[in-house]
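Colleague: structure here, sequence nowhere to be found:
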Ligand code: SF4
């Protein structure tokens, strides 16, 4: 099948769900939302079938706030960030739903419009700065060029700005290091330089995709502190994408947990850590090492592996790995759980009723997490 045939292949266009008129389980965007995503679907037709990388995602983010998007590899986190940034090949992706950035709709927007927003309205810190930065150009050149795309200034002014930005992210001797090439920086310094580049145009939205994965623990903490400090200074809206709940524990205001391309839990960070409600979040917390406290308890891995996004299990996509599905019975394997609000600003997608959730939490999950905390 050719690429054109794949693109033209009949793919059911997701319509609004019966309950919320396409808002993906959330109501209309709150007034202070700078970024508002509703029922986002990102699909890639391939020869083997349609890869449903994101299949009904909704969240809001205000300026000055941080959202942590958490899930295992293949849960759709990075595809979500690339969708917001408009970085998918338009010939191979099918997108539906809505991404509203500062009042501008990005789903279906022209490439020119999205390109004009990158840098100034939104910027991204990639997981691997060595491959994201061009090896042929100096670090300073790359910051200068990014800055001059959106600001009508001379090279000298842009160079001074680049040195200032390197200084602000903690690069020693910035007026000398500005002329270094990426390979002359250590891993931590490259990540700092990428943050300097991303923030050089003072973006309203900053997306950091696994910003600390390749770094050792001490540098990791420094980079997270840096993102937090700069967010306070620039008042940006920040999305941190990570597979590690620990990374966002102290950074995020809200947390969105993703599984198989879908939102399974979305709430204030305090609620997700102190009173989570979804079996997958319980599993993530149970498998998370706690370095801040002494414990002799073993970590509890989530059994099995995430599903293929071409053949997502029917019903709840987590059901093959969920040890609580027998409490519910057949709906877990036949009916997709609705993403619904169970308390103010706390949404989950699970068939368990409130009584069962509370019983499991208080009798089983909380004691086992408590024994480790
Ligand atoms: Fe488990 Fe069923 Fe809830 Fe899915 S819907 S998380 S299978 S209890």
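Modeller: Perfect, thanks for sending it. Worth saying up front: this structure is predicted, and the values here are computed from it rather than measured.
Colleague: buried sites along stretch 263-274?
Modeller: Under the neighbour-count criterion of 16 or more other Cβ atoms under 10 Å, stretch 263-274 has 263-267, 269, 271-273 buried. Bear in mind the C-beta positions are built from the backbone N, C-alpha and C, glycine included.
Colleague: does the ligand have contacts with it?
Modeller: No. Applying Cβ under 6 Å from any ligand atom, one finds stretch 263-274 separated from the ligand by no less than 7.3 Å.
Colleague: now tell me what touches that stretch from outside.
Modeller: 24-25, 56-59, 68, 245, 248-249, 252-258, 276-278, 280-281, 285, 318, 339, 343, 345-350 (Cβ atoms under 8 Å, 6 or more residues apart in numbering).
Colleague: can you give me the end-to-end distance of that stretch?
Modeller: This stretch, stretch 263-274, spans 19 Å end to end (Cα to Cα, to the nearest Å).
Colleague: and it, how far out from the chain middle?
Modeller: Centroid displacement of stretch 263-274 relative to its chain, using Cα atoms, centre = their mean, to the nearest Å, is 14 Å.
Colleague: list the helices and strands whichever strand or helix holds residue 240 packs on?
Modeller: Element membership of residue 240 [criterion: DSSP states H and E] is strand 237-242. Applying 3 or more Cβ pairs under 8 Å, 6 or more residues apart in numbering; DSSP states H and E, we find strand 237-242 packed against strand 33-46, strand 49-62, strand 66-70, helix 77-85, strand 205-209, helix 217-234, helix 245-248.
Colleague: for it, give me every contacting residue.
Modeller: Contact partners of strand 237-242, identified using Cβ under 8 Å, 6+ apart, comprise 34-35, 61-70, 77-78, 80-81, 84, 204-213, 227, 231, 247-248, 251-252.
Colleague: list the strands paired with it, with their directions.
Modeller: Partners of strand 237-242 in the sheet, by DSSP bridges, are strand 66-70 (parallel), strand 205-209 (parallel).
Colleague: quick one, phi/psi of the closest residue in space to residue 243 that isn't next to it in sequence?
Modeller: Closest residue in space to residue 243, ignoring its immediate chain neighbours: residue 72 at 5.9 Å, by Cβ to Cβ, 6 or more residues apart in numbering. Here the main-chain torsion angles of residue 72 (degrees, to the nearest 10) amount to phi -70, psi 170.
Colleague: sorry, back to before: now the contacts of strand 237-242: which count as buried?
Modeller: Buried members of the contacts of strand 237-242, counted by 16+ other Cβ under 10 Å: 34-35, 61-63, 65-70, 77-78, 80-81, 84, 204-212, 227, 231, 247-248, 251-252.
Colleague: which residues of this protein lie near the ligand?
Modeller: For the chain, the residues in contact with the ligand (Cβ under 6 Å from any ligand atom) are 279, 316, 318-319, 322, 324-325, 328, 332, 337, 350-352.
Colleague: check the stretch 101-250 of the chain for the residue nearest the ligand and tell me.
Modeller: Closest contact between the stretch 101-250 of the chain and the ligand, by Cβ to the nearest ligand atom, is at residue 245 (17.2 Å).
Colleague: and the residue lying closest to residue 246 once chain neighbours are set aside, how many neighbours?
Modeller: Spatial nearest neighbour of residue 246, chain neighbours left out: residue 288 (5.8 Å); criterion: Cβ to Cβ, 6+ apart. The number of residues packed near residue 288 is 17, by other Cβ atoms under 10 Å.
Colleague: before we move on, what about residue 95?
Modeller: Residue 95: 18 surrounding residues under other Cβ under 10 Å.
Colleague: same question for residue 41.
Modeller: 21.
Colleague: wait, it sits on residue 51?
Modeller: No. In this structure residue 41 lies outside contact range of residue 51 using Cβ atoms under 8 Å: 11.7 Å.
Colleague: quick one: the strands in the chain?
Modeller: For the chain, the strands defined by DSSP state E cover 33-46, 49-62, 66-70, 94-101, 104-105, 122-125, 205-209, 237-242, 254-259, 262-268, 339-343, 346-349.
Colleague: in this structure, which helix or strand is least confident?
Modeller: Taking mean pLDDT, DSSP states H and E as the measure, the helix or strand of the chain with the lowest value is helix 3-8, at a mean of 45.
Colleague: thinking again about what came up before, any chance of TSV for the buried residues of stretch 263-274, columns distance to residue 357?
Modeller: Formatted as TSV, those follow (distance: Cβ to Cβ, whole Å):
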residue	distance to residue 357
263	17
264	13
265	11
266	16
267	13
269	19
271	13
272	14
273	16
